[in-house]
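**Q** This is a predicted model, with the sequence first.
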Amino acid sequence: MAEVAKAEGIRTVAELKDHLEFGQNCELCIPYVAEMLRTGETVFHRIIVRQEGDSGESRE
């Protein structure tokens, strides 16, 4: 996932969904994917909670 995002210059969850299938069911991955896009991190040692109204889009 990170490799695809980097290779394609993807910066948002929506853009990544155009290339890969994920986040279709419970969407618990969305805040982690957004954090990966924002920071480049792929291993998380904390729980990331999606805030109400948060689209999961990467913001800078």
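**A** Received the coordinates, thanks. Residues are numbered from 1 along each chain as shown.

**Q** Quick one: residues contacting Leu37.
**A** Leu37 is in contact with Ala5, Ile10, Arg11, Thr12, Val13, Leu16, Ser58, counting by CB atoms under 8 Å, 6 or more residues apart in numbering. Just so you know, the C-beta spots here come from the backbone N, C-alpha and C atoms, and that holds for glycine as well.

**Q** Arrange those residues in a markdown table, one row each, with pLDDT as further columns.
**A** What follows is the contacts of Leu37, written out as a markdown table (pLDDT from 0 to 100):
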| residue | pLDDT |
| --- | --- |
| Ala5 | 96 |
| Ile10 | 96 |
| Arg11 | 95 |
| Thr12 | 95 |
| Val13 | 95 |
| Leu16 | 97 |
| Ser58 | 46 |
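
**Q** Mind checking which of those are in helices?
**A** Among these, DSSP state H puts Ala5, Val13, Leu16 in helices.

**Q** for the residues you listed, which one is nearest Val33?
**A** Nearest to Val33 among the ones in helices among the contacts of Leu37 is Val13, at 5.5 Å by CB to CB.

**Q** Go ahead and confirm that closest one touches Met36.
**A** No: using CB atoms under 8 Å, Val13 is not in contact with Met36, being 9.6 Å away.
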